[in-house]
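In: Could you work out the structure for the sequence below:
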Amino acid sequence: EARRVRLLCGLAGVGVAVASVLLHFADPRRYPVYDIRVQAALRRLGIRARFPPTPEGWTRYLRCLRTLAGRYRISLRTLDKSLWLLGAAPRLRPGALAHPARGALRSKSVRSRRMPEVRRLRRRA
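Out: As a prediction, the model looks like this:
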């Protein structure tokens, strides 16, 4: 697997992420897309392994996702898309679900510096 990524990375302008996309489109059942959102989702689920953007890192990433897909008996593509969605979701602070309106204002996705009306709402709450 690492050999295929190395060969693709030898092309001008192709890194591990692009190589994984090319492999994915060649055979989506066997190859996931190397994505930072999926890696963020894995960390949120407690998988602390690091997957550097190298052919060896991609091979470990591939092995990890294949193991999870086999464990939960889902396709690699389904797992890949699900983890992407989880990694793309804003991360809420503890207690955000207990108080949805207040928790949404405290999520990391809100940039209160750029939104003065959010700062005013926070002062009132």
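
In: Would you map the strands across the chain?
Out: Assigned by DSSP state E, the chain shows no strands.

In: since we're on residue 22, how many residues are nearby?
Out: Neighbours of residue 22 under the rule other CB atoms under 10 Å: 15. Every C-beta, even on glycine, is put in place using the N, C-alpha and C of the backbone.

In: Excluding covalently adjacent residues, which one is nearest to it?
Out: Among residues not flanking residue 22 along the chain, residue 8 sits closest, at 5.8 Å (CB to CB, 6 or more residues apart in numbering).

In: how about that neighbour, what does it touch?
Out: Residue 8 makes contact with 14, 18, 19, 22, 23, according to CB atoms under 8 Å, 6 or more residues apart in numbering.

In: Any of the residues you listed buried? List them.
Out: When the contacts of residue 8 are checked for burial by 16 or more other CB atoms under 10 Å, the buried set is 19, 23.

In: ok, so of the contacts of residue 8, who is nearest residue 80?
Out: Using CB to CB, residue 23 is the member of the contacts of residue 8 that lies nearest residue 80, at 12.3 Å.
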